[in-house]
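Colleague: Okay, structure incoming, though there's no sequence with it:
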């Protein structure tokens with residue numbers, strides 16, 4: 001293992017900003033029991049997330065024509081856990097649909113951030129106080 005890989009595993013803060021997204025936390029998401037044997041349906045639990053990610057991710061996953069169903073729930077308001085269920089028609093797995101949804105959501109956020117920064121640089125805005 002190289003020193004660079006060692007840094008990525010040990011301390012994500014030392015990794016350059018453009019490489020930080022490559023750091024994977026295996027405790028962040030897990031597949032819940034009850035997944036279909038063929039992989040077309042599965043439930044996932046994402047820790048330390050709420051409706052903000054849940055609704056946006058559900059929307060992005062449902063835009064995929066290969067996805068039959070996607071829904072999410074917060075099991076209990078005092079627990080910071082998000083459960084998401086994905087069922088596909090069979091051409092892709094639920095795990096693939098989740099990855100595609102996360103990638104699409106990330107790309108959308110990048111576009112919004114870029115457009116926002118572009119408008120700030122232009123300076124063509126006013127600040128109106130009520």
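Modeller: Done, it's in. Quick caveat: nothing in here was measured; it's all calculated off a predicted structure.

Colleague: When you work out contacts or count neighbours from here on, use the C-alpha atoms and nothing else.
Modeller: OK.

Colleague: so residue 83, which of the three states?
Modeller: Three-state assignment for residue 83 (DSSP: H, G, I helix; E, B strand; the rest coil): strand.

Colleague: Quick check, it in contact with residue 48.
Modeller: No: with contact defined as C-alpha atoms under 8 Å, residue 83 does not reach residue 48; the gap is 11.1 Å.

Colleague: Looking at these two, which is more packed in?
Modeller: residue 83 (21 against 11; other C-alpha atoms under 10 Å).

Colleague: what is the more buried one paired to in the beta sheet?
Modeller: Partner residues in beta bridges with residue 83, using DSSP bridges, are residue 45, residue 73.

Colleague: what's the helix or strand for residue 68?
Modeller: Element membership for residue 68, per DSSP states H and E: strand 67-73.

Colleague: Against which helices or strands is that strand packed?
Modeller: Helices and strands touching strand 67-73, by 3 or more C-alpha pairs under 8 Å, 6 or more residues apart in numbering; DSSP states H and E, are helix 51-62, strand 81-88.

Colleague: Pretty sure residue 34 sits against residue 42.
Modeller: Yes: when contacts are counted by C-alpha under 8 Å, residue 34 is listed as touching residue 42 (6.9 Å).

Colleague: more crowded one of those two?
Modeller: Neighbours per residue (other C-alpha under 10 Å) separate residue 34 from residue 42, with residue 42 holding more: 23 against 9.

Colleague: Pull the contacting residues for that one.
Modeller: 31-32, 34-36, 85-87, 94-95 (C-alpha atoms under 8 Å, 6 or more residues apart in numbering).

Colleague: Narrow the residues you listed to those in strands?
Modeller: Mapping the contacts of residue 42 onto strands (DSSP state E) picks out 31, 85-87.

Colleague: Can you flag the buried ones in those?
Modeller: By neighbour count, with 16 or more other C-alpha atoms under 10 Å, those hold 85-87 as buried.

Colleague: Now tabulate those residues in CSV and tack on distance to residue 101.
Modeller: Below are these laid out as CSV (distance: C-alpha to C-alpha, whole Å):
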residue, distance to residue 101
85, 13
86, 11
87, 13
